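K.L.:
sequence first, predicted model second:
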Amino acid sequence: MALAFGSLLALPAWADSWSATSIQSLKSYLSSEQEALLAEITETILPATNTPGAKDLKIYTFVHKMIADCYEPEVQENVVKGLATAEQLAKQTYAKTFATCDTKQREEILTTMEISIDPNWASFYKLVKDLTLQGYLTSEYYLTNHTNYKMIPGHFYGCVPAPTPQAQLQK
């Protein structure tokens, strides 16, 4: 009993320590510049049209969080290297940063990475693309606007007359 009571006393202090900013900064492996580049890459994969794009829905934070929490440090290092490679390819090919490239140039850079014989480049692109699509398809925007998603399926109507068993047998 004492242990349970002590846990209840400690609960408010524990709950106050969690916030959106503390969760984001828990396992960050990317700098702010790298996260901005990740946002541009996810926006290139899923651009805004008449629907919001990856940047508008903050899919890059989903990708960053998934890689930080669910993948090994080797994969995280490969993501950092992949971001550096994308930036380097943009500077070598177009003499400007990835963020300042137009859409066609960005797509060419990512296609180069996707079809590369270097397995690290290809695995970086595949991982980011897969997580971008997963983030979009599980986003609140997509589920509420493009699917028939209901938080609590099936509504209960308590005042509907129910047929009697005898009426069921007569049918």
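P.N.:
Structure's in. What do you need? Numbering: from 1, shown residues only.
K.L.:
which one is residue 89 nearest to, not counting chain neighbours?
P.N.:
residue 109 (4.9 Å; CB to CB, 6 or more residues apart in numbering). In short, each C-beta sits where N, CA and C put it, glycine included.
K.L.:
if I look at that neighbour, how far off is residue 39?
P.N.:
Noted for residue 109: a distance of 15 Å to residue 39, by CB to CB, to the nearest Å.
K.L.:
can you give me the distance of residue 127 to residue 165?
P.N.:
From residue 127 to residue 165 the distance is 57 Å (CB to CB).
K.L.:
which helices and strands does the longest helix that the chain contains pack with?
P.N.:
Across the chain, the longest stretch assigned as helix under DSSP state H is helix 73-94. The contact analysis (3 or more CB pairs under 8 Å, 6 or more residues apart in numbering; DSSP states H and E) places helix 73-94 against helix 32-45, helix 59-70, helix 103-114, helix 119-137.
K.L.:
try 6 Å
P.N.:
Applying 3 or more CB pairs under 6 Å, 6 or more residues apart in numbering; DSSP states H and E, we find helix 73-94 packed against helix 103-114, helix 119-137.
K.L.:
angle of the shortest one against helix 32-45?
P.N.:
If I follow you right, that is helix 103-114. 100 degrees (axes from the mean of the first three to the mean of the last three CA atoms, to 10 degrees).
K.L.:
look up phi and psi at residue 99.
P.N.:
phi -70, psi -30 (degrees, to the nearest 10).
K.L.:
that one: what's it in contact with?
P.N.:
By CB atoms under 6 Å, 6 or more residues apart in numbering, residue 99 lies in contact with residue 40.
K.L.:
who has more neighbours, residue 127 and residue 165?
P.N.:
Neighbours were counted for residue 127 and for residue 165 using other CB atoms under 10 Å; residue 127 has more, 18 against 7.
K.L.:
list the contacts of the residue nearest to residue 89.
P.N.:
86, 89, 90.
K.L.:
measure the last one to residue 99 for me?
P.N.:
By that I understand residue 90. Distance from residue 90 to residue 99, counting by CB to CB: 8 Å.
K.L.:
do the second one as well
P.N.:
For residue 89, the distance to residue 99 equals 13 Å [CB to CB].
K.L.:
okay then, goodbye and thanks.
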